[in-house]
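Peer 1: Let me see the structure of the following:
(2 chains, ligands or ions: 5)
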Amino acid sequence: MTAPLVEVHDLVVRYKSRGLFAAPFKPAVNGVTLSLPAGSTLGLVGESGSGKSSLLRALLRLVPVESGTISLGGEDWLAIDGPALRRARHSIGFVAQNPFLSLSPRLTIAQILAEPLLARGDKPGAEMKDRIALLLSRCGLPANFLPLRASELSGGQAQRVSIARALALSPRLLVLDEPTSALDVSVQAQILNLLLDLKADSGLSMLFVTHNLKVVAHLAEQLMVMRQGSVVEVGATERVMADPAQAYTRELIGFGRRR
Amino acid sequence: MRCATVKGASAVTLLEIQGLSVTIPSALGPVQAVRSIDLCIARGEIHGLIGESGCGKTMTGMALLGLTPAYAQVAARVIEFDGVDISNSAADLRGRRIALISQDPAAALNPVLTIGRQMDDVLRTHSSNSKAHRAATAVALLAATGLADAPQLMKRYPHQLSGGMQQRVVIAQALATGADFLIADEPTTALDVTVGAQVLALLRKLVVDRGLTVLMITHDMDVVAAVCDRATVLYAGLSVETGPASAILTHPRHPYAAALLAALPDAAPRGQRLAAIGGQIPPSTETISGCAFSPRCPAVMALCHTMSPPARGAGNHRWLCHLAQCAP
Ligand SMILES: Nc1ncnc2c1ncn2[C@@H]1O[C@H](COP(=O)(O)OP(=O)(O)OP(=O)(O)O)[C@@H](O)[C@H]1O
Ligand SMILES: Nc1ncnc2c1ncn2[C@@H]1O[C@H](COP(=O)(O)OP(=O)(O)O)[C@@H](O)[C@H]1O
Ligand code: SF4
Ligand SMILES: [Mg+2]
Ligand SMILES: [Mg+2]
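Peer 2: Numbers count the residues shown, from 1 in each chain, chains lettered A, B, ... in the order given. Ligands and ions are numbered 1, 2, ... in the order given. This next block holds a predicted model:
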């Protein structure tokens, strides 16, 4: 058994309500525990508002955590702060749903991919150029895309660039929030194939959030179902798909069965 | 006019389209949003209009609603609704016989008016009934869409409702117009899977209870599997296959339909590469020679590049392809 890369224990995330006398919000994440072995993928599904993105935001240290622990590679991830946190953020790459919203339309693909490297303090030059071209080709796009702008790309091409950017700093974990739901079926298949290749070639660990159970079941070793901030079902993908414990999971699996 | 259906040849055709095209002028030359679409929809069926983005699904719906942009050119050999040629009068049927249910219910509803007021606005233009009578009708229609506590709901504003409830209100409004043909353009895309499934079940129930007919525009094969009786597959503004939904989903005949199904994540065992379709849809500004799918088709032959494919199949299952047998 591989040592877990990510361990989350009893995590609670609660957004601050405005105003002194306003009633506090219910927790968006309410005592979530999970464990992700290195090199594996966890699929996280659940209805809108169930707390999936909030859990990701807590992992990415974008929202404060009320209680609970997160460890990344055995280290206390929540204890890291200040400039150390800025450096440590490189350990997690993030891919969002809509590539056109997350990629700046003014920049060329080369500039988009250089950004995280420059922010880390790498020197611009031939070596960086090579690195960028290699990143892009790993994600299935040839170097002649480098001078283009995001607005000139198809949805699938733009999502490949988002994935390349997320991998620029060689993260230990890739977090994806609905990475294929803005894409057509044929393009979704290309992106899922790319993620499968990255998994096989470089042992990428992933946390993959989606509404579409079938999409993530294709990649993930483990599935986790959330409802109203809590985990209602978790287990090996085969087990959950074959024998879902929750009616809600059964509904997700049963929808659209070919007759 | 009768079109073959799943239930047998006896079903009555509600809508018959042959050779529909929609052309929109643009700086890059004419955009052929719809190149040539045939559709035959029987009364009482849910007919899926399937295809990837940009293949002309929405424009086909807009043409039927008379809602294409003023500068667009709409042409067809045949557009008949309930036996009447509507090529010049599609807009007259909108809000009388034909209604639209769009992807984004929040955008379809007016945020500053109560649900009751918005229902009444529709009912008032369609009847001369008294206010009290209209209010009772509105409550009954909201209840028919499965909304609990309809009288209370009449006083609420759209933002106080969930997406699924908003979509039910939009459906109630469509019923209030008296329409018997609903064009539902990706009606569940903005909803959670389970909520979307409930909305689809509602549409199915309304089809049965009220004799409605639905054109279900979708890119989602799961939606087709869940509710459609028959379906038509579009590619690059062309209808390339039409038939019973179950046949298209399990034994597609056109290579594009087959490729689309093979690309679904549950078509391959977990962890195995999916059969992605290489390449892209031809741009809508491009003139197509031969078969539109030929640059991407795994079964392409020399003649596919130059000759338009012939119609194949018979009865209620037809497709356009040079292959005499079925898809690879
Ligand atoms: N910035 C915020 N301030 C207050 N409450 C928030 C904020 N962001 C999210 N919430 C609330 O937290 C809960 C969980 O939201 P979250 O965005 O994590 O859901 P999700 O599972 O990602 O949903 P979706 O599938 O719609 O993306 C919801 O009740 C939501 O309303
Ligand atoms: N108002 C418009 N002006 C110019 N081109 C348009 C317009 N609306 C749609 N198109 C083009 O027509 C084609 C079909 O569009 P659409 O019917 O919206 O496809 P779908 O609904 O299948 O995604 C696309 O190439 C699209 O870019
Ligand atoms: S006509 Fe030729 S290219 Fe077109 S779908 Fe059939 S086999 Fe493929
Ligand atoms: Mg979210
Ligand atoms: Mg559309």
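
Peer 1: use CA for all of it now, contacts and neighbours both
Peer 2: OK.

Peer 1: Now the closest residue to ligand 3 within the stretch 101-250 of chain A: which helix or strand?
Peer 2: Proximity of the stretch 101-250 of chain A to ligand 3 (Cα to the nearest ligand atom) peaks at A:Ser186, 16.0 Å away. Using DSSP states H and E, the element containing A:Ser186 is helix A:185-202.

Peer 1: anything in that helix near ligand 2?
Peer 2: No. Between helix A:185-202 and ligand 2, judged by Cα under 6 Å from any ligand atom, nothing touches; the nearest distance is 12.7 Å.

Peer 1: So which elements touch the helix or strand following that helix?
Peer 2: With elements assigned by DSSP H and E, the helix or strand that comes after helix A:185-202 is strand A:205-210. When contacts are defined as 3 or more Cα pairs under 8 Å, 6 or more residues apart in numbering or on different chains; DSSP states H and E, strand A:205-210 packs onto strand A:41-46, strand A:173-177, helix A:213-217.

Peer 1: Let me see the mean pLDDT of the helix or strand that the first one is followed by.
Peer 2: Sequence-wise, the next helix or strand beyond strand A:41-46 is helix A:52-59, with elements assigned using DSSP H and E. Taken as a whole, helix A:52-59 has an average pLDDT of 96.

Peer 1: Who are the packing partners of the next helix-or-strand element following helix A:52-59?
Peer 2: Following helix A:52-59 in sequence order, the next helix or strand is strand A:67-72 (DSSP H and E). Other helices and strands packing on strand A:67-72, by 3+ Cα pairs under 8 Å, 6+ apart, are strand A:4-13.

Peer 1: Can you list the buried residues in the strand it packs on?
Peer 2: Residues of strand A:4-13 classed as buried by neighbour count (16 or more other Cα atoms under 10 Å in any protein chain shown): A:4-9, A:11-13.

Peer 1: which one of those is nearest ligand 1?
Peer 2: When these are compared against ligand 1 (criterion: Cα to the nearest ligand atom), the nearest one is A:Val13, at 8.5 Å.

Peer 1: correct me, but that closest one touches A:Ser67?
Peer 2: Yes. Contact between A:Val13 and A:Ser67 holds when scored by Cα atoms under 8 Å: they sit 7.3 Å apart.

Peer 1: which SS class is the residue lying closest to B:Val300 once chain neighbours are set aside?
Peer 2: Nearest non-adjacent residue to B:Val300, counting by Cα to Cα, 6 or more residues apart in numbering or on different chains: B:Ser294, 5.8 Å away. Here B:Ser294 is coil, with the state taken from DSSP: H, G, I helix; E, B strand; the rest coil.

Peer 1: and the residue of the stretch 101-250 of chain A closest to ligand 3, what does it touch?
Peer 2: B:260, B:263-264, B:276-277 (Cα atoms under 8 Å, 6 or more residues apart in numbering or on different chains).

Peer 1: Which members of those residues occur in helices, if any?
Peer 2: Among the contacts of A:Ser186, the ones falling in helices (DSSP state H) are B:Leu260.

Peer 1: who in chain B is up against ligand 3?
Peer 2: Chain B comes close to ligand 3 at residues B:254-255, B:291, B:293-294, B:297, B:299-301, B:304, B:309, B:321-323, as judged by Cα under 6 Å from any ligand atom.

Peer 1: Which ones among those map onto helices?
Peer 2: Short answer: these in helices (DSSP H) are B:Pro255.

Peer 1: need the residues of chain B next to ligand 3 in CSV with pLDDT and neighbour count, can you?
Peer 2: Below are the residues of chain B next to ligand 3 laid out as CSV (pLDDT from 0 to 100; neighbours: other Cα atoms under 10 Å in any protein chain shown):
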residue, pLDDT, neighbour count
B:His254, 97, 26
B:Pro255, 97, 25
B:Cys291, 98, 21
B:Phe293, 97, 22
B:Ser294, 97, 20
B:Cys297, 96, 18
B:Ala299, 95, 12
B:Val300, 96, 17
B:Met301, 97, 12
B:Cys304, 97, 21
B:Pro309, 97, 18
B:Cys321, 97, 24
B:His322, 97, 21
B:Leu323, 93, 18
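
Peer 1: hmm, which two among the residues of chain B next to ligand 3 are most spread apart?
Peer 2: B:His254 and B:Met301 (14.1 Å; Cα to Cα).

Peer 1: quick one, what contacts residue 87?
Peer 2: All of this refers to chain A. The contact partners of A:Arg87, by Cα under 8 Å, 6+ apart, come to A:Arg120.

Peer 1: wrong chain, I was asking about chain B
Peer 2: B:75-76, B:78-80.

Peer 1: Which element, helix or strand, includes the residue positioned nearest the centre of chain B?
Peer 2: Computing the C-alpha centroid of chain B and ranking residues by Cα atoms, centre = their mean puts B:Ile217 first, at 2.6 Å. For B:Ile217, the element it lies in under DSSP H and E is strand B:213-218.

Peer 1: State the next helix or strand along the chain beyond that strand.
Peer 2: Criterion used, DSSP H and E; the element after strand B:213-218 is helix B:221-227.

Peer 1: close to chain A, is that following helix?
Peer 2: Yes. Judged by Cα under 8 Å from any Cα of the partner chain, helix B:221-227 comes into contact with chain A at B:221-226.

Peer 1: And that helix, what does it pack against?
Peer 2: Helix B:221-227 packs on strand B:46-50, helix B:193-210, helix B:245-250, going by 3+ Cα pairs under 8 Å, 6+ apart.

Peer 1: So which of these is the most surrounded?
Peer 2: Most buried of those, by mean neighbour count (mean count of other Cα atoms under 10 Å in any protein chain shown): strand B:46-50, with a mean of 27.

Peer 1: Can you list the helices and strands that it packs against?
Peer 2: Packing partners of strand B:46-50 (3+ Cα pairs under 8 Å, 6+ apart): strand B:213-218, helix B:221-227, strand B:230-235.

Peer 1: Which parts of chain B are strands?
Peer 2: Along chain B, counting by DSSP state E, strands occupy B:13-24, B:31-42, B:46-50, B:73-75, B:78-81, B:84-85, B:98-101, B:181-185, B:213-218, B:230-235, B:238-244, B:311-314, B:317-320.

Peer 1: Between the ones you listed, which one is closest to A:Ala150.
Peer 2: Taking Cα to Cα, strand B:31-42 is the member of those nearest to A:Ala150, at 22.6 Å.

Peer 1: The closest one vs ligand 2: in contact?
Peer 2: Yes. Contact of strand B:31-42 with ligand 2 (Cα under 6 Å from any ligand atom) involves B:31, B:33.
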